[in-house]
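[1] Generate a structure from the sequence data that follows.
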Amino acid sequence: MSALQAYTGQTGGSLNYLQLLQQLMMNNPSGAVSLAKMIAKQSPQPVDTNIMADLFLQRNMVREGTAFLLDALAGDKAEEGPLQTKLLEINLVTNPQVADAILANGTLTHYDRPRIAQLCEKAGLYMRALQHYTDLKDLKRTIV
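    From the prediction side, this is the model:
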């Protein structure tokens, strides 16, 4: 990838990261994850993290999208709260065990707790739901 960047720099061109990422998603999903992780680490980012996450999810590449987002959200920044919520939502709907493991790690703290509590309850992760609910009515309903 660095050779490609050097070549485009020498020729005065620029990489179309979005197109390259879309091509890799069709032909080499693990390569797409690696490219997305590399793009997310660049400053400034040539492609927004949210856009890259949406590309994975639009193609139903939940495992790859999860791998990418876990890496991209490793800094646990407050401004990444909506992406943290998206990561947990997708996994609570498609694979609750993965979401449970993510929550158990405790590496994400800025997500929408009430929304995640509801999804935990729907997914049968009652202990996780209880950890996130604050309203007494919700707590009673979950226990009973």
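[2] From here on, just use CA atoms for contacts and neighbour counts.
    Noted.
[3] At the geometric centre of the protein, which residue sits there?
    residue 69 (3.1 Å; Cα atoms, centre = their mean).
[4] pLDDT score for it?
    Looking at residue 69, its pLDDT stands at 97.
[5] these two touch, right, it and residue 52?
    No: using Cα atoms under 8 Å, residue 69 is not in contact with residue 52; the gap is 9.2 Å.
[6] Could you list the low-confidence segments of this protein?
    For the chain, the stretches flagged by pLDDT under 70 are 1-13.
[7] Which parts of it are helices?
    2-11, 17-27, 29-41, 49-58, 62-72, 81-94, 96-105, 113-122, 126-132, 136-143 (DSSP state H).
[8] who touches the fifth one?
    Applying Cα atoms under 8 Å, 6 or more residues apart in numbering, the set of residues contacting helix 62-72 from outside is 29-30, 33-34, 36-37, 40-41, 49, 53, 56-57, 83, 87, 90-91.
[9] tell me the contacts of the residue nearest to residue 78 when sequence neighbours are not counted?
    The shortest distance from residue 78 to any non-neighbouring residue, by Cα to Cα, 6 or more residues apart in numbering, is to residue 110 (5.5 Å). With contact taken as Cα under 8 Å, 6+ apart, residue 110 is in contact with 76, 77, 78, 80, 81, 84.
[10] rerun at 10 Å
    Contact analysis of residue 110 by Cα atoms under 10 Å, 6 or more residues apart in numbering lists 76, 77, 78, 79, 80, 81, 82, 83, 84, 85.
[11] Residue 37 too?
    Contacts of residue 37 by Cα under 10 Å, 6+ apart are 31, 49, 52, 67, 68, 69, 70, 71, 72.
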